[in-house]
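**Student:** Provide a 3D model corresponding to the input given below.
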Amino acid sequence: AAFEDFLYGRAEFSRPACLVTFDDGWMDTYTEAWPALHRVGVPATVFLATSQVGSDTTFWQERLGALLGHASRMAQDDAAFTPSLSTALASCGLESLTDAVLRADKDGIIIGLRAMKSRDAFDPAGAIEIVAALLPQQPGLGLDRFMSWDQARNMLEGGWVTFGAHGHLHAIMTDLSPQELFRDLEMSKETLAR
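**Tutor:** Model (predicted):
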């Protein structure tokens, strides 16, 4: 509320200020950030991707990143795995990540996956299916999952945190038609209110 008053010229801060925000509603916002904020008395706003809260899914980048990390460790342990991994990456449009995956370059994998987000022809679901088929065991998501609605309520009741809507489907909003955008924002707002 104080920051909103500042933005609209209704109030001034006596010293430099910032607004602490978190996007999406990740589990580590609940397990790591919220306790730290509470401990030092810093308020924050968490913008929730409302269709994801309480789900056992994650965004494709995190799922594919976990799979590539696991495949990378397998390639480090077993050189015979490298050719099939390289072939699989090429077959699903991830050939540009091959070197990073084979070198176990986590930052390179993350940067490469971010670049894939802007490629219209890239099929993330297909890539996930192809890479997952190579692995005898599927990696867990760890903190790359979303908090539950009970955890969100716990944060709200515990103080220092407010919530806002970050869309319902977490779509790239500039890619949506005006009708789709309105529907997504309304669904997010209604879900958050419930």
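
**Student:** hmm, who's touching the helix-or-strand element of the chain with minimal mean pLDDT?
**Tutor:** Lowest on mean pLDDT, DSSP states H and E among the helices and strands of the chain sits helix 2-7, with a mean of 84. Residues outside helix 2-7 that contact it (Cβ atoms under 8 Å, 6 or more residues apart in numbering) are A11, E12, F13, A17, L19. To be clear about C-beta, it is placed using only N, CA and C from the backbone, and glycine gets the same treatment.

**Student:** go with 10 Å
**Tutor:** Residues outside helix 2-7 that contact it (Cβ atoms under 10 Å, 6 or more residues apart in numbering): R10, A11, E12, F13, A17, C18, L19, V20, P43, T45.

**Student:** how long is stretch 154-165 end to end?
**Tutor:** Across stretch 154-165, the terminal residues are separated by 17 Å (Cα to Cα, to the nearest Å).

**Student:** actually stretch 116-134, not the one I typed
**Tutor:** Start-to-end span of stretch 116-134 (Cα to Cα) is 21 Å.

**Student:** Start from the N-terminal end of this protein and give the strands.
**Tutor:** 21-24, 44-48, 161-165 (DSSP state E).

**Student:** Quick one, which of the ones you listed gets closest to A79.
**Tutor:** Proximity to A79 (Cβ to Cβ) singles out strand 21-24 among the strands of the chain, at 37.5 Å.

**Student:** Within its sheet, name the partner strands of that closest one and how each one runs.
**Tutor:** The strands beside strand 21-24 in its sheet (DSSP bridges) come out as strand 44-48 (parallel).

**Student:** And the strand it pairs with, how far out from the chain middle?
**Tutor:** Put simply, strand 44-48 sits 14 Å off its chain's centre (Cα atoms, centre = their mean, to the nearest Å).
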